[in-house]
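# What would the 3D arrangement of this be:
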Amino acid sequence: TLPLSILDHTTARYALTSAVWYYDKPTQHPHAFSADLLSLSMRKTLNSYPQWAGQLQWLPYDPHHGQRHGRVCITYGAKSDPGVELILAHSSKDLPTVLPDSETRIRNGTWYALGFPSDQLLLPTKLALDNTAEYAGRHSVSVQVTTFACGGTSVTLRIVHPIADATSMFQFVTSWTMVHRAMLDPHPPLILLPLFEPTLLDKRAAGDINSPTPDPNLLRISHTLPMAKYDWWKSASGCPASMLSSTTVPIELEGTDLGIPGDPAPWATWDISLPVSHHLVYFTPAEVQRIWEVASSASTDGSTRVSRLDALLAHFWRHLVRARGLERDPAPHHLIITVGVRARLAPPLPASFIGSPIVLVRASLPGTAHAGPAESLGEAAAAIRAAIASLTPETLGAYLHDVAHEVNPQRFWRAFLGTHHAVATSWLGLDPYGVDFGSGAPPRYVDAVMPNLDGCVHVMEAGPKSRREGEAGSGERRWYEEPVCLSLHIATDPLERLLNDPEFRKYRNP
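Numbering: from 1, shown residues only. The predicted structure is shown next:
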């Protein structure tokens, strides 16, 4: 039995880490997607990921022996392990008729993703701790392989978040494809070295995480971080019925010191009954470059150097507030950014570290800050950069100390959705279109599965990477030298206004 890390515990309520890769009929190896071969290569890969076949479960709450509430562990290595679920399915659909290829989507600039029935293609599964406290006998990982009438195939991964963030998911699927290709074209056995050692992260925490009480100086540092802290246990008023059970203090904690409360969730700003649409928006390299140049020149702080991702997210955020009709609202509006911390800790975690070492930071500006022309873009980009830059080894060490001492690590929701929030996740650099099972072509489409809720935003490369030819320099291009995809789950009416706003795509054809 292996307790998960301080940050893994915080993700127990998160949506699944999930993606779907859609492939056309193989052109290189006709049997590249043979169910038997995929099953065998997956089993071989899982020999290096035995924890993922184990039983995820809650650690028993035992305050008298220092075992805090709401902590998660995984038990593995027994014949009774639930294993990894493999679902084999078939669809009568023809992929080319329902799913345009990446070149077409990029050329068109936008694509209505809800027009493709991806949800209908996924068979239901019940994973451990996914929207439930139940775990016994449930898998932590589900894989679905779907064949299509056209000869195409899709491969779906669904993983409970505490054991894998997107980086871990891509490490696994890359390992799997390497093993699979080695079986198609016989090669010597591969050595896979994923690092599943949660205590490595815990050792980066400052102070004594096992002391009876937290260090007040470390709490002070932790509380300087720009993070939302919505308290489920203070949020019953106005809470939708579907989430009301989360607002009840667990019976095991009744009568105990619950510590300093957080903020009640602002339910009045999120109408969960509103229809939500999903569009993919494709930005060209020239577009991203121009947005970055405008954000950089309009920065209110000349000492702040914003990244191209900062600028792109700021451009979206500014126009989202306007599309929601709230650019005259003096109240704070928030962009929550998911940040991986492997390289931000001291010492850094190895790139091969498996788990969910992510945190959520919050950039905040009044709605009125988005009302102006280019100047507001620079201010928004600087706010995003400041939020991300706040994550230093010192502040992260203090934050880990803080979270380790929390009464329950799922109590505080570090994000929110609705009219005054958006949550952005980036998979840039993970090479989603480089997942190669040996079929002879890159995926037709990679679906980064996110909840279809008002304010969920995702960024990744729009298609396969190209290599420099006849240019100065060598190797693969940077992400902003290729088209990039912004996946938007936004309430239908504001999203329609956003997509029809000529200012949103003003740099597409300069």
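# so who does residue 311 touch?
288, 291-292, 294-296, 377, 381 (CB atoms under 8 Å, 6 or more residues apart in numbering). C-beta coordinates here come from the backbone N, C-alpha and C atoms, glycine included.
# so which strand or helix has it?
In the assignment (DSSP states H and E), residue 311 maps to helix 308-323.
# again, but for residue 20
Assigned by DSSP H and E, residue 20 belongs to strand 17-23.
# Off-centre distance for that strand?
Chain-centre distance of strand 17-23: 13 Å, with CA atoms, centre = their mean, to the nearest Å.
# Name the residues that touch it?
Strand 17-23 has contacts (CB under 8 Å, 6+ apart) with 33, 95, 99, 118, 121-122, 152-161, 164-166, 168-169, 173, 356, 432, 435, 437, 439, 441, 443-449.
# coming back round to it: for the contacts of residue 311, which one is nearest residue 392?
Residue 392 lies nearest to residue 381 out of these, by CB to CB, at 19.9 Å.
# Could you pick out the buried ones from the contacts of strand 17-23?
The neighbour-count test (16 or more other CB atoms under 10 Å) marks 33, 95, 99, 118, 121-122, 152-161, 164-166, 168-169, 173, 356, 432, 435, 437, 439, 443-449 as buried among the contacts of strand 17-23.
# Cross those residues against strands and list the overlap.
Using DSSP state E, the members of the buried ones among the contacts of strand 17-23 that fall in strands are 153-159, 445-448.
# okay if I get those as JSON lines plus distance to residue 398 and pLDDT?
Listed next are these as JSON lines, based on distance: CB to CB, whole Å; pLDDT from 0 to 100:
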{"residue": "153", "distance to residue 398": "47", "pLDDT": "98"}
{"residue": "154", "distance to residue 398": "43", "pLDDT": "98"}
{"residue": "155", "distance to residue 398": "41", "pLDDT": "98"}
{"residue": "156", "distance to residue 398": "38", "pLDDT": "98"}
{"residue": "157", "distance to residue 398": "34", "pLDDT": "98"}
{"residue": "158", "distance to residue 398": "34", "pLDDT": "98"}
{"residue": "159", "distance to residue 398": "29", "pLDDT": "98"}
{"residue": "445", "distance to residue 398": "42", "pLDDT": "97"}
{"residue": "446", "distance to residue 398": "37", "pLDDT": "97"}
{"residue": "447", "distance to residue 398": "37", "pLDDT": "97"}
{"residue": "448", "distance to residue 398": "32", "pLDDT": "97"}
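# which residue ranges form the helices in this structure?
Secondary structure of the chain (DSSP state H): helices at 6-10, 35-46, 95-98, 102-108, 118-121, 166-184, 199-202, 216-222, 285-297, 308-323, 374-389, 393-404, 492-500.
# Tell me which of those helices approaches residue 232 most closely.
Comparison of those against residue 232 by CB to CB identifies helix 6-10 as nearest, at 12.5 Å.
# pLDDT averaged over the closest one, what's the number?
Mean per-residue pLDDT for helix 6-10: 98.
# Stretch 240-259 too?
The pLDDT scores in stretch 240-259 average 94.
# neighbouring contacts of that stretch?
13, 61, 63, 69-70, 232-236, 239, 267, 272, 406-408.
# switch to 6 Å and redo it
With contact meaning CB atoms under 6 Å, 6 or more residues apart in numbering, stretch 240-259 is reached by 61, 232-233, 235-236, 239, 272, 407.
# Any chance of a markdown table for these, columns distance to residue 478 and neighbour count?
Below are the contacts of stretch 240-259 laid out as a markdown table (distance: CB to CB, whole Å; neighbours: other CB atoms under 10 Å):
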| residue | distance to residue 478 | neighbour count |
| --- | --- | --- |
| 61 | 47 | 14 |
| 232 | 40 | 22 |
| 233 | 44 | 19 |
| 235 | 42 | 20 |
| 236 | 47 | 15 |
| 239 | 43 | 16 |
| 272 | 38 | 14 |
| 407 | 44 | 18 |
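# Once you drop chain neighbours, what's closest to the residue nearest the centre of the chain?
Centroid-nearest residue in the chain: residue 425, 5.0 Å away (criterion: CA atoms, centre = their mean). Nearest non-adjacent residue to residue 425, counting by CB to CB, 6 or more residues apart in numbering: residue 338, 4.4 Å away.
# Could you save the helices of the chain as CSV and add columns showing distance to residue 464?
Below are the helices of the chain laid out as CSV (distance: least, CB to CB, whole Å):
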stretch, distance to residue 464
helix 6-10, 32
helix 35-46, 21
helix 95-98, 17
helix 102-108, 7
helix 118-121, 20
helix 166-184, 14
helix 199-202, 33
helix 216-222, 41
helix 285-297, 15
helix 308-323, 20
helix 374-389, 28
helix 393-404, 34
helix 492-500, 26
